[in-house]
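>>> Take a look and give me a structure for this.
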Amino acid sequence: MSKKIGKLFLSFLKLGAITFGGGYVMIALMENEFVEKKHLLTQEEYLDMVAIAESSPGPVAVNAATYIGYRLAGIAGSAIATVGVVLPAFIIIFIISLYFDAFLALKPVQYAFAGIRVCVPYLIFSAGLRMAQKMEKTVWNKVIFFSVMTAMILCSLLAVKLTSILCILMCGTAGLAAWGIARLRDKKEGKHR
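Have a look, this model is predicted:
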């Protein structure tokens, strides 16, 4: 068990050290690490984890690490994964804070951050696209997917400002409604969920 926890810690330490651009970038890297490379989670388990991590309070990357750690090694794994993913950022931010003004004044640092800002939307988009491609291709899932995409685009174009809490409540309500409709449909067809 301790060997498993050690590997888990090193995996999250590596992810925490190489990820720039926030939690959604880390979501893509976690999928690559734990679903595609190591096969420790199935795609369905991973998608469930992403939904839980996004709707739970706190940073999505920390929530995801906590969930994956718990799923793979219980409470100890949860704690170790969380520490592993946070530790590199803590150390880097602590060092930067000591020399903050001098650090930001460096031209290479300014150019590095400009380059990172360009990559972040691509990494987030590619993670979403990969998840969409692996989604079960039923008519119902396609309707939900295109409805959500349409709502997101319209909200962006119309500059609608919604709080995170309202978005979570609306999406949760929509998800429950979709589940209820699917359940009614299955009852009519004689299936059970």
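
>>> can you list the domains in this protein?
Per the record's domain assignment (automatic domain parsing), the chain is made up of the domains 2-135, 136-193.

>>> Mean pLDDT lowest where, among those domains?
Here the lowest mean pLDDT among these goes to domain 136-193, at a mean of 80.

>>> how far away is the residue nearest in space to the middle of the chain from residue 161?
When CA atoms, centre = their mean is applied to the chain, the residue found nearest the centroid is residue 27 (3.8 Å). Distance of residue 27 to residue 161, computed by CB to CB, to the nearest Å: 24 Å. C-betas here are computed from N, CA, C, even on glycine.

>>> for the lengthiest helix in the chain, packing partners?
Determined from DSSP state H, the single longest helix within the chain is helix 60-98. On a contact count with 3 or more CB pairs under 8 Å, 6 or more residues apart in numbering; DSSP states H and E, helix 60-98 meets helix 2-18, helix 23-31, helix 43-55.

>>> Give me the next element, helix or strand, following it.
Scanning forward in sequence from helix 60-98 by DSSP states H and E, the next helix or strand is helix 100-105.

>>> Buried residues, that next one. List them.
Within helix 100-105, no residue is scored as buried using 16 or more other CB atoms under 10 Å.

>>> Report the angle between the helix or strand that that helix is followed by and helix 23-31.
Under the assignment DSSP H and E, the closest C-terminal helix or strand after helix 100-105 is helix 107-134. Following axes from the mean of the first three to the mean of the last three CA atoms, to 10 degrees, one obtains 60 degrees for the angle between helix 107-134 and helix 23-31.

>>> In helix 107-134, which residues are buried?
Result for helix 107-134 [16+ other CB under 10 Å]: buried residues 123-124, 127, 130-131.

>>> and if you look at stretch 179-191?
Here stretch 179-191 shows residue 182 as buried, counting by 16+ other CB under 10 Å.

>>> How about the contacts made by the residue nearest to residue 77 when sequence neighbours are not counted?
Excluding its sequence neighbours, the residue lying closest to residue 77 (CB to CB, 6 or more residues apart in numbering) is residue 69, at 4.0 Å. Residues counted as contacts of residue 69 (CB atoms under 8 Å, 6 or more residues apart in numbering) are 8, 12, 77-82.

>>> Output those as CSV; include the columns distance to residue 110.
Below are the contacts of residue 69 laid out as CSV (distance: CB to CB, whole Å):
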residue, distance to residue 110
8, 36
12, 29
77, 39
78, 38
79, 37
80, 35
81, 33
82, 32
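
>>> With respect to residue 96, which of the buried residues of helix 107-134 is nearest?
residue 123 (22.0 Å; CB to CB).

>>> Wait, the closest one touches residue 25, no?
Yes - between residue 123 and residue 25 there is a contact under CB atoms under 8 Å: 4.5 Å.

>>> Run through who's touching stretch 34-43.
11, 46, 49, 68, 71-72, 134.

>>> Which one (most neighbours) among those?
Among the contacts of stretch 34-43, residue 68 has the most neighbours (other CB atoms under 10 Å), with 27 neighbours.
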